[in-house]
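Asker: Take this sequence and fold it.
(2 chains)
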Amino acid sequence: ETGVTQTPRHLVMGMTNKKSLKCEQHLGHNAMYWYKQSAKKPLELMFVYNFKEQTENNSVPSRFSPECPNSSHLFLHLHTLQPEDSALYLCASSRGIDTEQYFGPGTRLTVT
Amino acid sequence: AQSVTQPDIHITVSEGASLELRCNYSYGATPYLFWYVQSPGQGLQLLLKYFSGDTLVQGIKGFEAEFKRSQSSFNLRKPSVHWSDAAEYFCAVGVLYSGGNKLVFGAGTILRVKS
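Answerer: As a prediction, the model looks like this:
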């Protein structure tokens, strides 16, 4: 497996469910990111982790909870989501905090 | 505040024709600039980047972009478009914050290629 992988690729969940998105990078990078991509809106940065430490929380609601156990893995824990949270969630990684980012294929989330 | 403007939401070109996608940014310092491409249902793929040096940068798939500081622009070009280039293209600027650099993206330009 190479690059940045994300699982699952598609997820449908009810508003009372709890689920997690997983991201893994095989590039030896030190920084990882979560982005949200909604229809008709620019890509929004959600969280940044650098060497496992969170360095950015872009005013994301607490129903989204990130976890970065090591530099290769990033999770996004979801609970009591709203229908407006339906979007494509993209994970990215970079060698350093000031270098180009490489993206995974995304998880298409639908909240019913 | 930092921002990126891609003025064209949709562009349609004929296969074999040249292409230019426009990007303007607003950022007070020397920017890091990027172009990414996204095919339907996929993540973003890096086409090219500008950090410093030569203002004309070459990327993958025959794309190039030119940084013009006086115009705050970073337009993407390709001399001859192929049908497989149909996708959505995003321009982004890297901006400094206390934790490092983060990307601010434009709204994207959807490229359609007609045969």
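Asker: Just the CA atoms of the lowest-mean-pLDDT helix or strand in chain B, as PDB, please.
Answerer: Least confident helix or strand, chain B: strand B:100-105 with a mean of 83, by mean pLDDT, DSSP states H and E. The C-alpha trace of strand B:100-105 is given here as PDB (Å, rounded to 0.1, in the frame of the first residue of the first chain):
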ATOM      1  CA  GLY B 100       3.200  26.200  10.800                       C
ATOM      2  CA  ASN B 101       1.600  26.500   7.400                       C
ATOM      3  CA  LYS B 102      -1.900  25.600   6.300                       C
ATOM      4  CA  LEU B 103      -3.500  25.600   2.900                       C
ATOM      5  CA  VAL B 104      -6.300  28.000   1.900                       C
ATOM      6  CA  PHE B 105      -8.100  26.700  -1.200                       C
END
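Asker: which outside residues touch the helix or strand just after that strand?
Answerer: Per DSSP states H and E, strand B:100-105 leads on to strand B:109-114 as the next helix or strand towards the C-terminus. For strand B:109-114, the surrounding residues in contact (C-beta atoms under 8 Å, 6 or more residues apart in numbering or on different chains) are B:6, B:8-15, B:19, B:21-22, B:81-83, B:85-89. Every residue, glycine included, has its C-beta placed from N, CA and C.
Asker: how about the CA coordinates for the longest strand anywhere in chain B, as PDB?
Answerer: When chain B is parsed with DSSP state E, its longest strand is strand B:87-97. C-alpha atoms of strand B:87-97 as PDB (Å, rounded to 0.1, in the frame of the first residue of the first chain):
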ATOM      1  CA  ALA B  87     -11.700  17.300 -13.700                       C
ATOM      2  CA  GLU B  88     -11.900  20.000 -11.100                       C
ATOM      3  CA  TYR B  89      -8.800  22.100 -10.500                       C
ATOM      4  CA  PHE B  90      -8.000  23.800  -7.200                       C
ATOM      5  CA  CYS B  91      -5.500  26.600  -6.500                       C
ATOM      6  CA  ALA B  92      -4.200  26.900  -3.000                       C
ATOM      7  CA  VAL B  93      -1.900  29.200  -1.000                       C
ATOM      8  CA  GLY B  94       0.100  28.200   2.100                       C
ATOM      9  CA  VAL B  95      -0.300  30.600   4.900                       C
ATOM     10  CA  LEU B  96       1.600  30.900   8.100                       C
ATOM     11  CA  TYR B  97       0.000  30.400  11.400                       C
END
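Asker: Neighbouring strands - and their directions - for it?
Answerer: Sheet partners assigned to strand B:87-97 using DSSP bridges are listed as strand B:32-38 (antiparallel), strand B:100-105 (antiparallel), strand B:109-114 (antiparallel).
Asker: Highest mean neighbour count across the ones you listed, which stretch is it?
Answerer: Using mean count of other C-beta atoms under 10 Å in any protein chain shown, the stretch among the strands paired with strand B:87-97 with the largest mean neighbour count is strand B:32-38, at a mean of 23.
Asker: So what touches that strand?
Answerer: Counting by C-beta under 8 Å, 6+ apart, A:98, A:100, A:103, B:21, B:23, B:25, B:44-51, B:59, B:61, B:63, B:65, B:67, B:74, B:76, B:87-94, B:101, B:103, B:108 sit against strand B:32-38.
Asker: repeat that with 6 Å
Answerer: With C-beta atoms under 6 Å, 6 or more residues apart in numbering or on different chains as the test, strand B:32-38 has contacts from B:44-51, B:65, B:74, B:76, B:87-94.
Asker: Check the gap between the residue most central in space within chain A and B:Cys91 for me.
Answerer: The centroid of chain A falls nearest to A:Trp34 when counting by C-alpha atoms, centre = their mean (3.2 Å). Distance, A:Trp34 to B:Cys91, using C-beta to C-beta, to the nearest Å: 21 Å.
Asker: Alright, I will stop here.
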